[in-house]
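In: I would like the atomic coordinates for the input below:
(3 chains)
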Amino acid sequence: MTNSDSSLRAAAIPRLRVSGVSKSFEAVHALRSVSFDLAPGEIHALVGENGAGKSTLVGMITGLLEPDAGSLELDGLPVRFRNPLDARAAGVAAVYQDPNLFPHLSIAENIFTGQYPKRSGFVNSASMREKARQLLKRLDFELDVDSLVAGLTVAESQYVEIARALSSDLRLLILDEPTSALTPGEASKLYEVVRRLKADGTTVVWISHRMEEVRILADTITVLRDGQHVQTSPSSELDDATMIKLMVGRSVTLEAVARQDALGPARLSVKGLSIPGIFDDITFDVHEGEIVGVAGLVGSGRSEIAQAVFGIGTHPTGSVTVDGKVVTPRSPSQMAALGVAYLPEDRDADGVISSMTIEANVALPSLKRLSRFGFMRQTRERELATTQRTALSIKGLVGDLVSSLSGGNRQKVALARWLATNPKVLLLDEPTHGIDVGTKAQVHDIMRDLARKERLAILMISSDLPEVLALSDRILVISRGRLVANIDIADANQENVLAAATSTRTGAA
Amino acid sequence: MKRMLRTYGWELLLVVLIVLAGIWSSFLSPYFLDPVNLFSSAGFFVIFALMAFGLFPIILQGEIDISLASTLAVGSVLLGKLSQLGFPLAVALPIVLIICGILGAVNGLLVAVVGLPSLAVTLGTMGAYRGIAYLFAGDAGVTTIPPAYVSLGSSWIGIVPMTVVLAIAVGIVFAVLTTSTRFGRNSYAIGNSASASRLAGVSVAATRVAAYALAGVASGLAGYVWLAQYQSARGDNADGSILFVITAVVLGGVSIKGGSGRALGVALAILLLGTIQTGMKLANIPGTSQTLVIGALLVGSIGIPRIVQIVRGRIAAPRPAPKIDVDVRREEATQESKRTA
Amino acid sequence: MSNPTAVTRRRLSLGGSTSALRVRFLGVVIFLAILVIAFSLLSPQFFTLGNGRSVLFTAAILAIAAAGQSLVVLTGNLDLSVGSIMGLTAYVVFDLAGKNAALQPFVVILALAIGALLGFINGVFVTVLQIPSIVATLGTLSIYRGFVSVYANAKEVTSGTLPPWMRALATQVWLGLPSYVWISAVIIAIVAVALTRLPWGRKIYAYGSNPKAARFYGLSSTRIVIGAYVGAGMIAAIAGLLLGAQVGNINSLLANGIELQVLAAVVIGGVSIWGGSGSVIGAAIGAVVLATINNGLVLLEVQEFYRLLIQGAAIIAAVWVDAIVQRRVIGSGTRRRIMEVES
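Out: Numbering: from 1, shown residues only, chains lettered A, B, ... in the order given. So this is what the prediction gives:
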């Protein structure tokens, strides 16, 4: 290992120096001139809210993304990785929350794919298994190296990825929210592994939202916010309250507009909704004219709850009531017919069909209404698209392909096609994610109008806390599949919402 | 004009090719351009055209059906049997079309509801339906068909064979179906993204089953034309013709991945393939050699634009680093939803 | 193993996917066993040495072709041109060897070279030109067949141009079994070893299992897929040569339409149509299953339609099982557990 070598220079030369790194996606600045150092052989926590730019930074370090500006230095030498393989060859590897493995192959083979131990041209499977066993042993992990990856839990898959990273000389290991899918037992085992790697001289970057694990693990903490570097300091100098403040202390706060009219009856009532292992006993109401914000970390089960209500995926237990009628959500078409609409988080893959025109997209959920005996009434279709285009001020002609639009306008198309169906309940999943500031404000105004003028019931999932606070009448906080807080807007602030969202146990806030 | 060129570029290219093939053929034989010869040659391709039109919405939705030729055989044999049992055509034909539609719907259910890969499913039913055809036909097949059943094959409107009129009518039906109905809109949407369509409240499974059922009906109709043209029906009718049918649809500009293509393109592709085959027949080129040209057209139709794209890319810019997407889960999720949809 | 009890526990808790994959392979074997038992009970001639030989002889060439096809299917693609490759290779080799006696000792090498070239063309179409494999190989199916037809110009060639030892193979019996059965077994064994032991083969499995992860691992999809097609082409070429030697006088239509039989054997043999799992031995057993169905039904003097129906049903049943297995494999590895499951 580089152990003795690097420890000599440890004081002077950082393991990784990030200087002035910037990256934009379309109009959104994901990272703005971020600079900080990672010392050799330390555990360095990288914290920040969703959208703070952590994943973008990791992508850039591992060669997945190319920075628009800035540079990286690994052990004093400038590096620019073209892809994750380059990075891995240089001893830099990342393990993601969702492991990237070959499900049909054995653990041993997954560890050595592409770099098989060979004997006279053949894969030396005995040696491969032995080496795999040793690597897993170094992680103090008991796994049958012959079993298939398909049967592993997420935690076990992560060990396989870490073992793979170990199979070459490892200088920097990045773990991106590694414990979000682990049980407490699995997580504390992972802490041990990380400490052992640190003892071997590897620098570990630990990305997490969980205060308590950052607290027990990290030597150094770096806070990112809105794509900017806020602070890097030894963990002893940063207490929890300050850390939260640094994470949320936004320069922009959005203006809340107080609601004038009283709420109507409950349009959507969810009682005791559960899917084993995903979320449990979720109960809430959304009233006519109300915007209910759903806060929580990415992967906390927020989206899954909305999807379950819309009839996607595994069918939940518990009850869903739309407009006083108890329904069993089975499919999106059934729920859409009842006046429920869902705007998915992944707009480009699921929210719109970008290879089709604006008109075709807007008309898609309303085809039944726009046709007579199955035949389309094309003037009506055109009218509908034009009306929606004007109402939401979508830039572009109705005959333009959605792929030619900006993210914000795509989102408007996604919204327009549901508004065209005159829904009663809107489920919005990250409605302004990746949208430029101007369009974002427009979308906010549209949402307020929909709730207050059109009297829709809106459930809005968002990782953008200021947005949640500015728009919601009530805030639900989801943590690890449980509804941990139901806060009236009058009592909510960034700190108590974030504290509830990052709590591991129930009963916070 | 420019917009027109961009939208209908593929169809225009096919027209140009048809004209070129026509000129070439008329050099080979002075009889080629004789209208009577032209139309009677066209009659030969009606059976393929009907199956191609039926297959078109399925491919539009991003699936495939290789069992259609077997469905045709069931149709022709069953119709032959019913004719011998004394059923009038007006009764027998609807029965046959319904049965063929059911055979298609079975494919659709296995693909859309059970979630099996369409190629493998229809590979299986291709054999199974062929088996059903043999079951009805026996070894001897069905001959001596009553005149009412075969009159279609020998009636003309002016110089145009009735079967050609039928093919044109069916083509128009499928063109209208795909451009101006809910089914058509849903089909294009599903072909572009089945998961996004599902989230937009489209009944993906129902639309798929409908497309397969329609293809079954179209093949049944092709079976009727077969019976009328050849005045007999056997279990092995149209065996092996599915490759020609798929070629026609893909050559017609319908993306095998789904989501784009038009009935007009399919019709023109049939016309082009017909012209080339007729021309080569006139030049005494054996049928199996003709496939060389057809295969080259098929591969070329997709490959050449891609080569142009690669060459242009090489000239324009040095190769960028390969982009790798972190989010594997998303892709798997969509695969999964495609399967379960 | 340092801790046998821990390992045993893991094995037990694994349940789902590993055993699901095994079940699929066993499924084919059990299906074959049921067929054999059923036919043996129904027809006294079925379970005889002579008939067993005949079944295996029929299966031999199909099994070779299926072995080649499974290379391609493992990458998640298809090769519909297999029949045309067989026909083209046999015809061209016979013809060249007939025109030039000096080539006679090299017929096998010649065939392999032709097969490799044709497979390479398929692979380039699929990878470089990004033509979906079903369309690309449908195209080359026509092109290769068209080429032989033009080349043959309606003439026949005879296996008489082959070296005598090769002609004799078709009728020879070694150790109680037709020589073709042994040749087939050797080829399948070679492919099986290449797939399980060579980096080349392991990469085919890895790529087929998760093409996206393969890129993370630095595997070149172009090389892997072209490699699979070249291998498939070479194996198809040998199958064509053997079939030609058996038939004797061949025209340009040798092995026309065999592709669907080959594909059926592969699918019945449990090679996943989604790629990444299944074995070449399974594919070979799939070929034996098809041959057994044919043979048994002929002995029972059952009409053609039963054979087609059973074959079709077997294909659908096989993919159905495949779909269930695939869902288990994909589902178990990536399903997210958001909530803490207290143990």
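
In: do stretch A:413-426 and chain B meet?
Out: Yes: for stretch A:413-426, a contact with chain B is found by CB under 8 Å from any CB of the partner chain, at A:417, A:421. Where C-beta positions appear, they are placed from N, C-alpha and C, glycine not excepted.

In: list the buried ones in that stretch?
Out: In terms of neighbour count (16 or more other CB atoms under 10 Å in any protein chain shown), stretch A:413-426 has its buried residues at A:413-421, A:423-426.

In: any chance of those in a markdown table, with secondary structure, pLDDT and distance to residue B:73 too?
Out: Below are those laid out as a markdown table (DSSP: H, G, I helix; E, B strand; the rest coil; pLDDT from 0 to 100; distance: CB to CB, whole Å):
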| residue | secondary structure | pLDDT | distance to residue B:73 |
| --- | --- | --- | --- |
| A:413 | helix | 93 | 47 |
| A:414 | helix | 93 | 47 |
| A:415 | helix | 92 | 51 |
| A:416 | helix | 92 | 49 |
| A:417 | helix | 91 | 44 |
| A:418 | helix | 93 | 47 |
| A:419 | helix | 92 | 50 |
| A:420 | coil | 91 | 46 |
| A:421 | coil | 91 | 45 |
| A:423 | coil | 93 | 49 |
| A:424 | coil | 93 | 52 |
| A:425 | strand | 95 | 51 |
| A:426 | strand | 95 | 52 |
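
In: biggest separation within those residues, which pair?
Out: A:413 and A:424 (21.0 Å; CB to CB).

In: any idea which helix or strand carries the closest residue to chain B within the stretch 301-450 of chain A?
Out: Per CB to the nearest CB, residue A:336 is where the stretch 301-450 of chain A lies closest to chain B, at 3.4 Å. In this structure, residue A:336 sits in helix A:332-337 according to DSSP states H and E.

In: can you name the next helix or strand after that helix?
Out: Later in the chain than helix A:332-337, the nearest helix or strand by DSSP H and E is strand A:340-343.

In: which strands and helices sit next to that following strand?
Out: Packing contacts for strand A:340-343, counted by 3 or more CB pairs under 8 Å, 6 or more residues apart in numbering or on different chains; DSSP states H and E, involve helix A:302-309, helix A:407-419, strand A:425-429.

In: closest to residue A:286 out of those?
Out: It's strand A:425-429; of those, that one is closest to residue A:286 (CB to CB) at 6.6 Å.

In: what sits up against the closest one?
Out: For strand A:425-429, contacts defined as CB atoms under 8 Å, 6 or more residues apart in numbering or on different chains pick out A:267-268, A:286, A:302-303, A:306, A:309-310, A:322, A:339-345, A:418, A:447, A:450, A:456-462.

In: burial count for the residue nearest to residue A:324 when sequence neighbours are not counted?
Out: Distances taken as CB to CB, 6 or more residues apart in numbering or on different chains put residue A:265 closest to residue A:324, at 7.7 Å, once the chain neighbours are dropped. If you count neighbours by other CB atoms under 10 Å in any protein chain shown, residue A:265 ends up with 12.

In: so how far is chain C from residue A:265?
Out: With the distance defined as CB to the nearest CB, to the nearest Å, residue A:265 ends up 32 Å from chain C.

In: how about residue B:214, what does it touch?
Out: The contact partners of residue B:214, by CB under 8 Å, 6+ apart, come to B:54, B:57, B:101, B:104, B:177.

In: to clarify, my last question referred to residue C:320.
Out: Going by CB under 8 Å, 6+ apart, residue C:320 touches B:114, B:116.

In: which positions in whichever helix or strand it is part of come out as buried?
Out: Here residue C:320 sits within helix C:304-334, counting by DSSP H and E. If you call a residue buried by 16+ other CB under 10 Å, then helix C:304-334 has these buried ones: C:304-312, C:314-316, C:318-330, C:332-334.

In: likewise stretch C:36-44?
Out: By neighbour count with 16+ other CB under 10 Å, stretch C:36-44 contains the buried residues C:36, C:39, C:43.

In: same thing with stretch C:286-301?
Out: Buried, per 16+ other CB under 10 Å, within stretch C:286-301: C:286-297, C:299.

In: ok, now stretch A:46-66?
Out: With burial defined by 16+ other CB under 10 Å, the residues of stretch A:46-66 counted as buried are A:46-65.
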